[in-house]
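Student: Pasting a predicted model and its sequence here:
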Amino acid sequence: MAKDFTLEIKHIDAKTGARYGVLHTWHGDVEVPMFMPVGTNATVKCLSPEQVKACGSGVVLANTYHLHLRPGEDIVKKAGGIHAFMGYDGPILTDSGGFQVFSLASRRKITEEGVVFQNELNGNKEFFSPEEAIRIQEAIGADIIMSFDECIPYPATKEYVARSTERTLRWAKRGLEAHKREDQALFGIVQGGAFSDLREHAAKELVAMGFPGFSIGGTSIGEPKDVCYQMVRDAIRFLPFDKPRYLMGVGSIDYILDGIEAGVDMMDCVLPTRLARHGALMTSHGRVNIQRAQYAEDFTPLDEECDCYTCTHFTKAYLHHLHKAKEEFGKTLNSIHNIRFLIRLVEGAREAIKNDRFLEYKEECLAKYGDKRGF
């Protein structure tokens, strides 16, 4: 069991299940709900750790699968752990590698022991088991780590989902038994597909195992929005009040706000930086495609409502020029803005929760962004 890792709930919105609180970790206290930037290869693409911090980040993610393949967890460990290696002194979370492994559908084989798959870098055969996923994450040294699970495809038959969910629960127990570091919090991952009874079963079993936190997996993989929302609700109503809840892979405005309303504390997604690198920017007026010719002589800020470095120092014309000239600095400025945009959205949600007006805030945001809210 993790020590010195607790969630302090300070306020519940009067009309919803939205929660405001503080997550206490070994690398600092962070407010929830939060949006977490993704640093797949021990870096948030195009940004320095200082730039990520300036965006208001709390927890940052790194990817177990990719760090295992390159540079290898032993190198990260020799560097002093992931915090020293990537130069980020705040809390860090690593996923289990499960999503990446199971996305290699044509190059992997699932057994009860784990998953055999082909290394995408050199073609070598690799093996991930629940114990191996924990060993790798212990070597990497993040504050929060994930159980190894099967990311169930959507749609899938109930028979398949039931078998997979039971295996994931067995893997969760094996991972929990293998986990030895007391300065890490290991989360159990609630699977169960789109079946309410399986979500309930998975949540109850994981709670009984005594995990210090819980993730909701198998969402945002192509299912309709109402199905995703129900999956989240079906899991959360059986999770403990006083432990953090992490909704994996969510990065659009409507999904973030829906998750917060349901009682989610933590969310992450590669969406803001991926869009940024292609010149697509999230703004108060909807999506801006900065490559368009209309911005060549637009000397106004990207978003007058935004307080980020990009919006307070540069114009659309300059961002347009950088994009057309293929300058890397443009990707940096775009990424700063998109990450700050989503963090500001969640900061606003926290204030609304504290004032018992989350529903009003959510409605205001969705009305404002209209059909652009998913970007």
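Tutor: Cool, got the structure.

Student: give me the number of residues near L247?
Tutor: By the measure other CB atoms under 10 Å, the count of residues near L247 is 29. Any C-beta I mention is one placed from the backbone N, CA and C, and that applies to glycine too.

Student: no no, A84
Tutor: Count around A84 with other CB under 10 Å applied: 13.

Student: Distance of it relative to V346?
Tutor: The gap separating A84 from V346 is 28 Å, by CB to CB, to the nearest Å.

Student: do Q118 as well
Tutor: Taking CB to CB as the measure, Q118 falls 38 Å from V346.

Student: the more surrounded of these two?
Tutor: Taking other CB under 10 Å, Q118 and V346 do not tie; V346 has more neighbours (22 against 15).

Student: Give the helix, strand or coil label for the nearest residue to the more buried one once chain neighbours are set aside.
Tutor: Closest residue to V346 in three dimensions, ignoring its sequence neighbours and counting by CB to CB, 6 or more residues apart in numbering: F35, at 4.8 Å. F35 falls in the strand class when you classify it by DSSP: H, G, I helix; E, B strand; the rest coil.

Student: Please name the bridge partners of F35.
Tutor: Beta-bridge partners for F35, by DSSP bridges, are M267.

Student: pLDDT score for it?
Tutor: pLDDT for F35: 98.

Student: for D371, same thing?
Tutor: Among the per-residue scores, D371 shows a pLDDT of 54.

Student: for the stretch 1-150 of the chain, what are the low-confidence residue spans?
Tutor: Applying pLDDT under 70 to the stretch 1-150 of the chain flags the ranges 1-3, 105.

Student: So which residues of it form strands?
Tutor: 6-12, 19-25, 28-32, 34-36, 60-62, 92-94, 108-110, 115-118, 125-128, 144-146 (DSSP state E, counting those that start in this stretch).

Student: Then the stretch 151-300 of the chain?
Tutor: Remark: strands assigned in the stretch 151-300 of the chain by DSSP E, counting those that start in this stretch are 185-190, 213-216, 245-247, 266-268, 280-283, 286-289.

Student: what does the fifth one contact?
Tutor: Pointing back at strand 280-283 there. 253, 272, 275, 287-290, 302-303, 306, 319, 334, 337-338, 341-342, 375 (CB atoms under 8 Å, 6 or more residues apart in numbering).

Student: Looks like K15 contacts D356 (just checking).
Tutor: Yes: counting by CB atoms under 8 Å, D356 is a contact partner of K15 at 7.0 Å.

Student: more neighbours, those two?
Tutor: It is D356, of K15 and D356, that has more neighbours when counted by other CB under 10 Å, with 15 against 12.

Student: Spatially, which residue comes closest to that one, not counting chain neighbours?
Tutor: A14 (4.1 Å).

Student: Report how many residues lie close to the one you found.
Tutor: A count of nearby residues for A14, using other CB under 10 Å, gives 12.

Student: if I look at it, how far off is N355?
Tutor: For A14, the distance to N355 (CB to CB) stands at 10 Å.

Student: ok, now F238?
Tutor: Per CB to CB, F238 is found 29 Å from N355.

Student: Confirm for me that N41 is in contact with Y65.
Tutor: No: judged on CB under 8 Å, N41 makes no contact with Y65 at a distance of 10.5 Å.

Student: okay, those two: which has more neighbours?
Tutor: Y65 (23 against 14).

Student: Is that one in contact with F102, as I believe?
Tutor: No: shown here, Y65 and F102 do not form a contact pair, counting by CB under 8 Å, at 10.2 Å.

Student: quick one: contacts for the spatially closest residue to Q184 that is not a sequence neighbour?
Tutor: Nearest non-adjacent residue to Q184, counting by CB to CB, 6+ apart: I145, 5.4 Å away. Residues in contact with I145, defined by CB under 8 Å, 6+ apart, are 64, 93-94, 96, 134, 137-138, 179, 184-187.

Student: Count residues in the vicinity of E8, would you?
Tutor: If you count neighbours by other CB under 10 Å, E8 ends up with 11.

Student: Look up which residues are beta-bridged to it.
Tutor: The partner residues for E8, given DSSP bridges, come to V22.

Student: Contact partners for it?
Tutor: Going by CB under 8 Å, 6+ apart, E8 touches 21-24.

Student: Surely C311 touches L302?
Tutor: Yes: using CB under 8 Å, C311 is in contact with L302, at 5.1 Å.

Student: Common neighbours of the two, please.
Tutor: By CB under 8 Å, 6+ apart, the residues touching both C311 and L302 are H337.

Student: helix, strand or coil for K331?
Tutor: Per three-state DSSP, K331 ends up helix.

Student: And the spatially closest residue to it that is not a sequence neighbour, how close does it get to A178?
Tutor: With sequence-adjacent residues excluded and distances taken as CB to CB, 6+ apart, K331 is closest to C46, at 4.6 Å. Distance, C46 to A178, by CB to CB: 36 Å.
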